[in-house]
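Participant: sequence and predicted model, in that order:
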Amino acid sequence: MRDEIRLVLPAQEDFHQIARLVVGGLAARLELTFEQLEDLEVALDVVLRFREDDGDLSIALDVDDETVRTTVGPFSAEALELLERDGGELGPRRVLETVADSVRIECRDGDSWVQFAKAVPA
């Protein structure tokens, strides 16, 4: 099985709830545990905090038999510097690395994107 869900939303905080609803619906369909759902939602919330402007934000959820891979962007270089900055024990990068199985920053067409992945039960 391989599925892909793509959302394009205004980056304003009022619209972040739509992304959370989609992740929750996907988690229900995949029969994820509450802990796995919570990890996905925390990771998404951490990433969404770095974009609250008047532009559009793209969110792609790629699901295969083993992994939910979430890609969010585009982000400015300044936003990603804040993400990468070590804010102590509970800095954003540390939180992402705790709740996701992998985290990486990608550059595409001059824009930066954050990708995080979470294993799903077989």
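Facilitator: Looks like it came in fine.

Participant: what's opposite A117 in the beta bridge?
Facilitator: R69, S102 (DSSP bridges).

Participant: let me see the contact set for it.
Facilitator: T67, V68, R69, T70, A100, D101, S102 (Cβ atoms under 8 Å, 6 or more residues apart in numbering). For glycine as for every other residue, the C-beta is placed from the backbone atoms N, C-alpha and C.

Participant: surely R6 and D62 touch.
Facilitator: No: R6 is beyond contact range of D62, at 9.4 Å (criterion: Cβ atoms under 8 Å).

Participant: higher neighbour count, those two?
Facilitator: D62 (16 against 10; other Cβ atoms under 10 Å).

Participant: any idea which element V47 lies in?
Facilitator: Per DSSP states H and E, V47 falls inside helix 34-48.

Participant: ditto for L32
Facilitator: Using DSSP H and E, L32 maps to neither a helix nor a strand.

Participant: now it, nearest residue through space, not along the chain?
Facilitator: Spatially, and ignoring its direct neighbours in sequence, L32 is nearest to V120 (6.4 Å; Cβ to Cβ, 6 or more residues apart in numbering).

Participant: distance check, S112 against E84.
Facilitator: Counting by Cβ to Cβ, to the nearest Å, the gap from S112 to E84 is 10 Å.

Participant: which residues sit in contact with E41?
Facilitator: Going by Cβ under 8 Å, 6+ apart, E41 touches R20, V23, G24.

Participant: just list the residues touching the spatially most central residue of the chain, thanks.
Facilitator: With distances taken as Cα atoms, centre = their mean, L44 lies nearest the centre of the chain, 3.7 Å away. L44 sits next to A19, R20, V23, I59, T70, V72 when contact means Cβ under 8 Å, 6+ apart.

Participant: what sits against the nearest residue to the last one once chain neighbours are set aside?
Facilitator: In this structure, V72 finds its nearest non-sequential neighbour in V47, 4.8 Å apart by Cβ to Cβ, 6+ apart. V47 makes contacts with T70, V72, L83, L96, V114, F116, as judged by Cβ under 8 Å, 6+ apart.
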